[in-house]
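*Asks:* give me a model of this one.
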Amino acid sequence: MNNLEFAIKMELDGQKYYLEQANKNKGNNIEKVFLLLAEAEKEHAALLSKRLKEEDYILDATNLTEIKSLFHGLKDYKASDVRKTTQLDVYRLAVDIEEKSIELYKEMLDEASSDKDKELFNFLLEEENQHLLMFEELQKMLTRPEEWVESAEFGVREDY
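*Replies:* The predicted model follows:
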């Protein structure tokens, strides 16, 4: 299996994971986030498949504005409610998936010889970095209520 085939498998595995999580979170905003990510991973796999077959493709960035707007609804969750569903563990695993994707695409970018390959791997790196940032923000949202003590004696904290 070459790097492109491995990357395609990794993207499809990510899509499968995000679809499973969407199914487990039916009816809330997290379901929408996971469905958008599953679609992004599917599109990444399609891009890589086209590259493998040396077909033409168009790089079209995922619209994360839609995902960011979903965060406003997440403020209604209590950390204790979400913790019961082990969402934090789900997000940590998703961070791991995204970090592995980033590592792979960095390697592939370093090994790329053509400008077209470099453009593709840079594009995928940017996409996966955005996904990683999103999951890191979700982790913050879940852990802050348990980690931060609301008292003036503990100093200035960043707004959230």
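
*Asks:* in what helix or strand does the nearest residue to residue 90 once chain neighbours are set aside lie?
*Replies:* For residue 90, ignoring the flanking residues on the chain, the nearest one in space by CB to CB, 6 or more residues apart in numbering is residue 21 at 5.7 Å. Just so you know, the C-beta spots here come from the backbone N, C-alpha and C atoms, and that holds for glycine as well. Using DSSP states H and E, the element containing residue 21 is helix 3-24.

*Asks:* hmm, back to that, tell me the contacts of the residue nearest to residue 90?
*Replies:* Residues in contact with residue 21, defined by CB atoms under 8 Å, 6 or more residues apart in numbering, are 30, 34, 90, 94.

*Asks:* follow-up on the earlier one: what about the helix holding residue 21, distance to the chain center?
*Replies:* In terms of CA atoms, centre = their mean, to the nearest Å, the centre of helix 3-24 is found 11 Å from the chain centre.

*Asks:* right, and the helix or strand after that helix?
*Replies:* Proceeding N to C from helix 3-24, the next assigned helix or strand is helix 29-52, under DSSP H and E.

*Asks:* do me a favour and average the pLDDT over that following helix.
*Replies:* Across helix 29-52, pLDDT averages out at 90.

*Asks:* stretch 87-99 too?
*Replies:* Here stretch 87-99 scores 86 as its mean pLDDT.

*Asks:* tell me how many other residues crowd residue 113.
*Replies:* Using other CB atoms under 10 Å, residue 113 has 7 neighbouring residues.

*Asks:* just list the residues touching the spatially most central residue of the chain, thanks.
*Replies:* Nearest residue to the geometric centre of the chain (CA atoms, centre = their mean): residue 131, 2.8 Å. Counting by CB under 8 Å, 6+ apart, residue 131 touches 37, 40, 94, 98, 101.

*Asks:* where does it land in three-state SS?
*Replies:* Here residue 131 is helix, with the state taken from DSSP: H, G, I helix; E, B strand; the rest coil.

*Asks:* that one and residue 116, how far apart?
*Replies:* Using CB to CB, to the nearest Å, we find residue 131 at a distance of 23 Å from residue 116.

*Asks:* again, but for residue 107
*Replies:* The gap separating residue 107 from residue 116 is 17 Å, by CB to CB.

*Asks:* list the contacts for the residue nearest to residue 18 when sequence neighbours are not counted?
*Replies:* Closest residue to residue 18 apart from its sequence neighbours, by CB to CB, 6+ apart: residue 38 at 3.8 Å. Residues near residue 38 by CB under 8 Å, 6+ apart: 14, 15, 18, 19, 22.
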